[in-house]
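K.L.:
Would you be able to build a 3D model of this:
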Amino acid sequence: MTTFLKSRLLWLSLPALVIAALGPWWLSAYYLGVLTMAYFYGVFAMSWDLLFGYAGMVNFGPTFLIGLGAYGAALLNNYAGMPIIVCLIFGGFLSIIGGILLALPALKLRGAYFGLVTLVAVLLLQYVIVIFSAYTGGEIGMMTPDILSINASVNYEYALWFMVACAVLLVIISRSSLGLILEATGQDPVAAAALGFNVAKHRLAAFCISALLSGLAGGMMVFYSGTASVGTVIDISIGVQIIIAAVLGGRRTILGAMVGAIVILLADELLRPLGQLNIFVVSGITLAVIILFPSGLLGLFSRTKEGA
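P.N.:
All right, here's what the predicted structure looks like:
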């Protein structure tokens with residue numbers, strides 16, 4: 001905790017946080033909505049960075065965990081009429097259970113094989129939702145009786161402070177003994193095991209933390225938009241966007257993943273007048289940054305500061 005409070009990056013982040021907190025005072029409702037979605041994606045990207053950046057787990061299917069939390073919360077609200085907070089907690093724990101069931105057998109695999117298992121899990125979840133379309137709404141989606149708020153400013157505040165809380169939690173974890181052990185296992189699991197660390201146990205803990213935060217953020221996004229659908233929370237393209245955001249911001253930085261997600265969603269929105277060229281331009285810029293600066297935006301910034 002002391003190291004975290006002394007972090008230069010933390011104090012440099014405070015002005016940006018103040019500006020973001022004052023967003024409802026100077027942003028239109030439209031851009032508040034765009035940033036609200038960006039903040040949820042920021043949580044997704046940070047959660048993914050904990051797995052890949054620190055634990056070295058190549059998760060190609062982050063939307064499996066997001067989808068479990070989103071649909072779990074939506075189904076409980078739709079059919080049991082439970083309050084939003086109860087639905088969010090249920091969705092988060094459902095993501096943890098699903099994550100454990102996925103991780104336990106998959107942890108025996110390495111590299112791309114583990115990634116392929118997570119990718120197949122996403123496809124299976126999509127098929128389950130389509131098969132049980134009478135309850136889930138299938139590909140069309142399912143409306144939720146309740147929403148976070150009809151006020152854009154309130155929704156913005158919910159998303160902002162939830163993202164900030166997740167960022168603080170993940171940064172503290174990354175700088176704790178757990179984070180150091182995860183980093184060691186990610187770089188060389190054999191050496192970490194030789195030093196007496198239980199690699200599987202620590203990776204499972206990282207997977208559970210990532211699952212909980214992803215599930216909660218997925219549920220909140222559903223209650224923000226008022227609907228849960230494959231195209232908005234489970235589609236593979238969403239997972240690709242999350243991975244690109246984390247790599248763009250900087251692997252093993254946590255906050256970089258958040259920055260990358262916000263940058264990508266804002267760039268996508270600002271370049272929307274280009275029409276179909278929008279995705280091409282955003283993808284091209286992102287690819288150029290990743291190639292030229294492999295450490296990512298925040299990694300480059302940190303390296304510059306250290307060299308100064």
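K.L.:
now the strands: where do they sit in this structure?
P.N.:
Counting by DSSP state E, the segments of the chain that form strands are 142-143, 227-228.
K.L.:
what's the last one in contact with?
P.N.:
Residues from elsewhere that reach strand 227-228, judged by CB atoms under 8 Å, 6 or more residues apart in numbering: 70-71, 74, 136-137, 141-144, 222. Placement of C-beta: from N, CA and C, glycine included.
K.L.:
are any of those buried, and which?
P.N.:
Buried members of the contacts of strand 227-228, counted by 16 or more other CB atoms under 10 Å: 70-71, 74, 136-137, 141-144, 222.
K.L.:
of all these, which comes closest to residue 36?
P.N.:
Nearest to residue 36 out of those is residue 222 (CB to CB; 12.8 Å).
K.L.:
Distance of the closest one relative to residue 280?
P.N.:
As judged by CB to CB, to the nearest Å, residue 222 and residue 280 stand 30 Å apart.
K.L.:
Please apply the same query to residue 247.
P.N.:
From residue 247 over to residue 280 the distance is 19 Å, taken as CB to CB.
K.L.:
more neighbours, these two?
P.N.:
Of the pair residue 247 and residue 280, residue 247 is the one with more neighbours under other CB atoms under 10 Å, namely 23 against 11.
K.L.:
need the helices for the stretch 51-200 of the chain, in chain order.
P.N.:
Along the stretch 51-200 of the chain, counting by DSSP state H, counting those that start in this stretch, helices occupy 62-80, 84-106, 112-131, 133-136, 152-174, 177-187, 189-194, 199-225.
K.L.:
closest to residue 47 out of those?
P.N.:
helix 199-225 (4.2 Å).
K.L.:
follow-up on the earlier one: could you single out the most deeply buried of the helices of the stretch 51-200 of the chain?
P.N.:
The highest average neighbour count among these, using mean count of other CB atoms under 10 Å, belongs to helix 62-80 at a mean of 27.
K.L.:
Quick one: distance of that helix to the chain centre.
P.N.:
In terms of CA atoms, centre = their mean, to the nearest Å, the centre of helix 62-80 is set 15 Å apart from its chain centre.
K.L.:
same deal with stretch 36-55?
P.N.:
3 Å.
K.L.:
Any stretches of the stretch 101-250 of the chain with poor pLDDT?
P.N.:
Along the stretch 101-250 of the chain, the model assigns pLDDT under 70 to residues 110-111.
K.L.:
Hmm, residue 114 is touching residue 107, no?
P.N.:
Yes - with contact defined as CB atoms under 8 Å, residue 114 reaches residue 107; the gap is 7.5 Å.
K.L.:
Contacts only, for the spatially most central residue of the chain.
P.N.:
Nearest to the mean C-alpha position of the chain, by CA atoms, centre = their mean, lies residue 44 at 0.6 Å. Contact analysis of residue 44 by CB under 8 Å, 6+ apart lists 62, 66, 214, 217-218, 242, 261.
K.L.:
Greatest separation within those: which pair is it?
P.N.:
Across those, the longest distance by CB to CB is 14.1 Å; it joins 218 and 261.
K.L.:
Can you dump the C-alpha atoms of stretch 76-90 in CSV for me?
P.N.:
Output of stretch 76-90 as CSV, limited to C-alpha atoms (Å, rounded to 0.1, in the frame of the first residue of the first chain):
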residue,chain,number,x,y,z
LEU,A,76,-32.2,-13.0,-12.5
ASN,A,77,-33.6,-9.5,-12.9
ASN,A,78,-36.0,-10.6,-15.7
TYR,A,79,-37.4,-13.8,-14.1
ALA,A,80,-37.0,-13.3,-10.4
GLY,A,81,-37.4,-9.5,-10.2
MET,A,82,-34.4,-9.1,-7.9
PRO,A,83,-32.9,-5.7,-7.3
ILE,A,84,-30.0,-4.6,-9.5
ILE,A,85,-27.4,-4.9,-6.8
VAL,A,86,-28.4,-8.5,-6.0
CYS,A,87,-28.4,-9.3,-9.7
LEU,A,88,-24.9,-7.9,-10.1
ILE,A,89,-23.5,-9.9,-7.2
PHE,A,90,-25.1,-13.1,-8.7
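K.L.:
Would you report the backbone torsion angles of residue 175?
P.N.:
Dihedral pair for residue 175: phi -100, psi 0, per degrees, to the nearest 10.
K.L.:
Quick one: neighbours of it, just the number.
P.N.:
As a burial measure, residue 175 scores 16 neighbours (other CB under 10 Å).
K.L.:
cool, and residue 282?
P.N.:
22.
K.L.:
which ones are touching it?
P.N.:
Residue 282 sits in contact with 264, 267-268, 271, where contact means CB under 8 Å, 6+ apart.
K.L.:
Would you quantify the distance from residue 226 to residue 143?
P.N.:
Computed as CB to CB, the residue 226 to residue 143 distance reads 6 Å.
K.L.:
again with residue 45
P.N.:
The span separating residue 45 from residue 143 equals 27 Å under the rule CB to CB.
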